[in-house]
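Student: below are the sequence and a predicted model; questions follow.
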Amino acid sequence: MSFRLLSGDPPRSALLAVMLVAIVIALAAAPFLFPGPKSLAVAAKILVFVILVASYDLLLGYTGIVSFAHTMFFGIGAYGVAIASLRLDANWLSVLAGTAAGLAVSLVFALVIGLASLRVRAIFYAMITLAVAAAFQTLVSQLSDLTGGEDGLNFKVPQMLRPAYRPFAEPLFGVTIDGRIITYYLIAAVCVALFLMLLRIVNSPFGRVLQAIRENPFRAEAIGYRTVLYRSLSNLLAAAFATLAGALYALWLRYNGPDTSLSFEIMLNILLMVVIGGMGTMYGAVIGASLFVFAQSYLQDGLHVIHDAVAGVAPLALLFEPDRWLLWLGILFVLSVYYFPTGIAGRLRELARRR
């Protein structure tokens, strides 16, 4: 019922609903269920990338726009917070000012790119966005006085979010509550709000028009919808949400650099998460981001365990060498695409509909 009230779009699959609930519970209780800096960092990264992937799915899955500039907006949000926190006092005002400045810059870039390029064919638009993203990354690397260049920027966060901050004298459920855990729950709360907003957008009349444009832009134009306007608005919304995700990521890391938020590898990872989770379904962003970030973070550790177990069998030991974790990640991706061509969320919904 709550899903219907919030978006009119429930999971429509019992197994998908169970998976979503399990992920939400695991992320909500991560500081207590999985204590340790690495597990908390993985959980925070999942939260941020859920929003980043969902915002890209608004473009690709719901509007049919292929863009390679999405990490540019992600990086702008991160740099906005980093630069403002470094140049101003490390307080909430600087965080808000940096986020607002990042949003303004991202919206200007998104508007210019959208109006200049959305009239061209999809492949040409994709190439234009790729060129713009590459040029922006080069520019950021060269503006070392402002952005720190290749070294990036280390900055301080508000006092409440620092590791040394202790609001309670005694541990809570065996865990010492500090600024890092407060930062984690702040990011979690904002990410939940942003995800619900995205869910509401794609299930609104505006979202239905975007899906109509994705299916047949000529028919949508013929019945009176200005497709360039709707595509431009979709581009602006996706850029805004990606910028906010970047701001949250910088707040968590207390650092930002070109490789952290602007690299093309992140763009490829976003595409993989969208495909694994399922295009055209916001729930797919939750599944795809959770599975991919978890595999990316722990697959090598898992291979270590398997490698030690089969150390006596030379061929198997060679196959499960921990340094080959990228190979296994690629195999898992190929298998997921083969058995879930419409993504995990899409496939589970299809199976539920057939039943």
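Tutor: Everything's here; your move. Numbering: from 1, shown residues only.

Student: where does this structure have its least confident helix or strand?
Tutor: Counting by mean pLDDT, DSSP states H and E, the weakest-scoring helix or strand in the chain turns out to be helix 2-6, with a mean of 49.

Student: hmm, residue 260 is touching residue 253, no?
Tutor: Yes: using C-beta atoms under 8 Å, residue 260 is in contact with residue 253, at 6.8 Å. For every residue, glycine as well, the C-beta is placed using N, CA and C.

Student: returning to what we had before: need the next SSE after the least confident helix or strand of the chain, C-terminal direction.
Tutor: Going down the chain from helix 2-6, the next helix or strand is helix 14-28, by DSSP states H and E.

Student: mean confidence score for that next one?
Tutor: Average pLDDT, helix 14-28: 93.

Student: repeat for stretch 285-294
Tutor: According to the model, stretch 285-294 has a mean pLDDT of 94.

Student: can you mark which positions in stretch 256-269 are buried?
Tutor: 256, 257, 258, 260, 261, 262, 266, 267, 269 (16 or more other C-beta atoms under 10 Å).

Student: go on, stretch 49-69?
Tutor: Buried positions in stretch 49-69, judged by neighbour count with 16+ other C-beta under 10 Å: 49-65, 67-69.

Student: identify those among these that sit within strands.
Tutor: Nothing among the buried residues of stretch 49-69 maps onto strands, per DSSP state E.

Student: wait, residue 221 sits on residue 227?
Tutor: Yes: contact criterion C-beta under 8 Å: residue 221 and residue 227 qualify, at 5.0 Å.

Student: who's more crowded, these two?
Tutor: Taking other C-beta atoms under 10 Å, residue 221 and residue 227 do not tie; residue 227 has more neighbours (18 against 15).

Student: list the contacts for the more buried one?
Tutor: 213, 217, 220, 221 (C-beta atoms under 8 Å, 6 or more residues apart in numbering).

Student: next: residue 191.
Tutor: 47, 48, 50, 51, 245, 248.

Student: make it 10 Å
Tutor: 27, 44, 46-52, 54, 244-245, 248 (C-beta atoms under 10 Å, 6 or more residues apart in numbering).

Student: name the helix or strand for it, please.
Tutor: Here residue 191, judged by DSSP H and E, is contained in helix 179-202.

Student: give me the neighbour count for residue 229.
Tutor: For residue 229, the number of neighbouring residues by other C-beta under 10 Å comes to 13.

Student: ok, now residue 159?
Tutor: Count around residue 159 with other C-beta under 10 Å applied: 12.

Student: same check on residue 326?
Tutor: 11.

Student: same check, this time on residue 208
Tutor: Residue 208 has 12 nearby residues by other C-beta under 10 Å.

Student: shared neighbours of residue 260 and residue 253, anything?
Tutor: Common contacts of residue 260 and residue 253, defined by C-beta under 10 Å, 6+ apart, comprise 78, 82, 152.

Student: where do the strands sit along the stretch 201-350 of the chain?
Tutor: Using DSSP state E, counting those that start in this stretch, the strands found in the stretch 201-350 of the chain span residues 255-256.

Student: so, low pLDDT: which residues of it?
Tutor: Residue ranges of the stretch 201-350 of the chain with pLDDT under 70: none are present.

Student: ok, residue 189 - contacts?
Tutor: Listed by C-beta under 10 Å, 6+ apart, the contact set of residue 189 reads residue 47.

Student: what's around residue 91, how many residues?
Tutor: Neighbours around residue 91, by other C-beta under 10 Å: 15.

Student: swap in residue 111?
Tutor: Counted with other C-beta under 10 Å, residues neighbouring residue 111 total 15.

Student: identify the residue nearest it in space, chain neighbours excluded?
Tutor: Nearest non-adjacent residue to residue 111, counting by C-beta to C-beta, 6 or more residues apart in numbering: residue 236, 6.4 Å away.

Student: residue contacts, the one you found?
Tutor: Here residue 236 is in contact with 106, 107, 108, 110, 111, 114 (criterion: C-beta under 10 Å, 6+ apart).

Student: okay then, goodbye and thanks.
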